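Asker: I'll drop the sequence and a predicted model, then ask my questions.
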Amino acid sequence: MKIKPHQQLPLRKDLQLSIILLVILTFSFGMYLIRTPLSVPLMLLTTIVFVLIVSPLLLLANPTLIKVLRTAQNGRQIVSGLAVLQVIFYLLYCIAVNRWSFPQAGWLLLALCFVLFIILRVRRDNISTPLDLALLLLLWIPLEFGLYKPIALPPIQELINPIAFLILYWLVVVFFLYRQYDVGLSFRLRGDDLRTLVLYFVLLFLLVVIIGSLFRFIAISDRIPALSDVLIRFVFIFFLIAIPEELLFRGIVYKLFAQLFKGQPWAIGRAMIASSLLFGLSHALAPVSPFVTNSLSSWGHLGLPWIHIVTASVAGFFYCLVFVKTQKIMAAAGIHLLLDWAWYVFFSG
């Protein structure tokens with residue numbers, strides 16, 4: 001993999017930042033593991049699998065690295081080899097915790113073969129094809145609606161879904177490296193980016209409070225989380241919720257709709273609305289509050305948390321707005337982080 005002289009400094013700086021953030025995330029994960037009744041060997045194995053699964057997404061938050069991998073002759077082999085290594089370690093982990101499942105392993109290996117075929121055989125450009133939509137539907141939708149039951153990390157007091165991160169890495173490789181979607185994938189935000197995400201967070205926060213108060217969906221929490229919990233939750237929300245969801249719904253789904261509506265009136269606005277509605281619907285399996293059940297009357301048997309779906313759709317629109325304004329996916333992840341973290345600290349609902 002050949003790196004040009006002018007690429008060496010930005011590449012090194014972004015890699016150093018990603019490694020620092022990975023250390024912070026791994027330390028927080030270790031603090032979480034200590035609270036679980038796992039043996040020391042299993043803690044170590046869980047940590048190794050965790051790092052191997054989440055680190056590629058952090059390391060790819062590097063525009064220079066993405067450019068290098070796009071043009072490198074062995075770029076496809078590198079990202080494909082890492083995908084295979086991740087799956088092998090995940091399956092070994094399933095065996096170690098005695099949760100092996102042949103159907104799940106078979107599905108995962110078939111999905112990996114499909115992804116490898118696209119990475120290694122499909123031409124690289126920025127033109128979306130029906131294969132892109134098929135890839136997204138076949139990989140993510142069944143997982144989103146709970147059709148697959150992966151072994152979580154850790155297996156006790158579950159924290160993350162490793163298959164979700166495997167799939168997200170595959171999608172990032174396909175869409176960002178070979179479809180060349182430009183989403184400003186970098187942890188480095190400028191002052192203007194930070195001001196934009198803070199401004200829209202304040203507006204969104206006020207709007208969510210108004211909606212939640214009108215429909216009695218939220219209430220001021222009567223608990224005060226411990227400082228350690230607040231800090232660890234801040235890290236987990238950013239890396240394990242905000243970044244993955246923004247990569248998927250703004251980095252891929254919004255971009256797909258933008259390609260679909262390209263050349264039509266209000267193409268960007270329609271893509272924003274469509275992706276935001278899908279983001280809202282992805283919360284359809286969230287726990288249903290008594291208010292939702294009691295208020296839906298004849299629709300109550302559906303069990304749809306419609307207020308939660310509406311609120312998530314509105315939030316998704318603001319996340320998308322920040323992304324469009326800044327052209328930085330991490331800015332969208334930033335406003336996502338602030339809202340989810342504020343919800344955890346101050347509200348119950």
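Answerer: Arrived safely, thanks for sending. Residues are numbered from 1 along each chain as shown.
Asker: And the helix or strand hosting D193, what's buried?
Answerer: Using DSSP states H and E, D193 sits in helix 191-214. Within helix 191-214, the residues scored as buried using 16 or more other CB atoms under 10 Å are D193, T196, L197, Y200, F201, L204, F205, V208, G212. Quick note: C-beta positions are derived from backbone N, CA and C, even for glycine.
Asker: With respect to pLDDT, which of these ranks lowest?
Answerer: Within the buried residues of helix 191-214, G212 has the lowest pLDDT, namely 82.
Asker: which residue packs closest to it, ignoring adjacent ones?
Answerer: In this structure, G212 finds its nearest non-sequential neighbour in I218, 3.4 Å apart by CB to CB, 6 or more residues apart in numbering.
Asker: sec struct for the residue most central in space within the chain, please.
Answerer: The chain has P244 as the residue nearest its centroid, 0.9 Å off, counting by CA atoms, centre = their mean. Look at P244: counting by DSSP: H, G, I helix; E, B strand; the rest coil, its state is helix.
Asker: Please identify the helix or strand for the closest residue in space to it that isn't next to it in sequence.
Answerer: Excluding its sequence neighbours, the residue lying closest to P244 (CB to CB, 6+ apart) is L168, at 5.4 Å. Using DSSP H and E, L168 maps to helix 162-172.
Asker: Repeat that for Q180.
Answerer: Using DSSP H and E, Q180 is not contained in any helix or strand.
Asker: Next, work out how far apart it and L131 are.
Answerer: Q180 sits 15 Å away from L131, going by CB to CB, to the nearest Å.
Asker: returning to what we had before: give me the helices and strands touching the helix holding L168, please.
Answerer: Judged by 3 or more CB pairs under 8 Å, 6 or more residues apart in numbering; DSSP states H and E, helix 162-172 is in contact with helix 40-59, helix 75-96, helix 102-121, helix 130-144, helix 243-248.
Asker: Between the ones you listed, which one is closest to K67.
Answerer: Closest of the helices and strands packed on helix 162-172 to K67 is helix 75-96, at 10.1 Å (criterion: CB to CB).
Asker: Counting by contacts, list what that closest one packs against.
Answerer: Applying 3+ CB pairs under 8 Å, 6+ apart, we find helix 75-96 packed against helix 40-59, helix 63-71, helix 102-121, helix 162-172.
Asker: show me the contacts for L147.
Answerer: Contacts for L147 were tallied using CB atoms under 8 Å, 6 or more residues apart in numbering; there are none.
Asker: Read off the pLDDT value for it.
Answerer: On the pLDDT scale, L147 is placed at 71.
Asker: so how far is V87 from it?
Answerer: Taken as CB to CB, the span from L147 to V87 is 19 Å.
Asker: Equivalent analysis for Q8, please.
Answerer: Relative to V87, and taking CB to CB, Q8 is found at 32 Å.
Asker: who has more neighbours, these two?
Answerer: Neighbours per residue, other CB atoms under 10 Å: of Q8 and V87, the larger number sits with V87, 20 against 11.
Asker: from what I can see that one touches L109, true?
Answerer: Yes: between V87 and L109 there is a contact under CB atoms under 8 Å: 7.1 Å.
Asker: Provide a list of residues in contact with Y344.
Answerer: Contacts for Y344 (CB under 8 Å, 6+ apart) come out as P225, R233, I237.
Asker: now, among these, which is nearest to V79?
Answerer: Nearest to V79 among those, counting by CB to CB, is I237 at 27.1 Å.
Asker: And for that closest one, the neighbour number?
Answerer: 20.
Asker: what's the spacing between the spatially closest residue to it that is not a sequence neighbour and G334?
Answerer: For I237, ignoring the flanking residues on the chain, the nearest one in space by CB to CB, 6+ apart is D340 at 4.8 Å. Distance, D340 to G334, by CB to CB: 11 Å.
Asker: Now do the shared contacts for the two.
Answerer: Listed as contacting both D340 and G334 by CB under 8 Å, 6+ apart are A242.
Asker: quick one, which of those two is more surrounded?
Answerer: Legend: neighbour count by other CB under 10 Å for D340 and G334, higher for G334 (26 against 19).
Asker: if I pick F236, what's in contact with it?
Answerer: When contacts are counted by CB under 8 Å, 6+ apart, F236 touches S28, Y32, L159.
Asker: Could you tell me how many residues sit around the first one?
Answerer: To tie it back to what came earlier, the one meant is S28. Going by other CB under 10 Å, the residues that sit close to S28 add up to 19.
Asker: Secondary structure element holding it?
Answerer: helix 5-34.
Asker: same check, this time on A331
Answerer: helix 329-346.
Asker: Now do the helix holding S28 against helix 63-71, angle only.
Answerer: Interaxial angle of helix 5-34 relative to helix 63-71 (axes from the mean of the first three to the mean of the last three CA atoms, to 10 degrees): 110 degrees.
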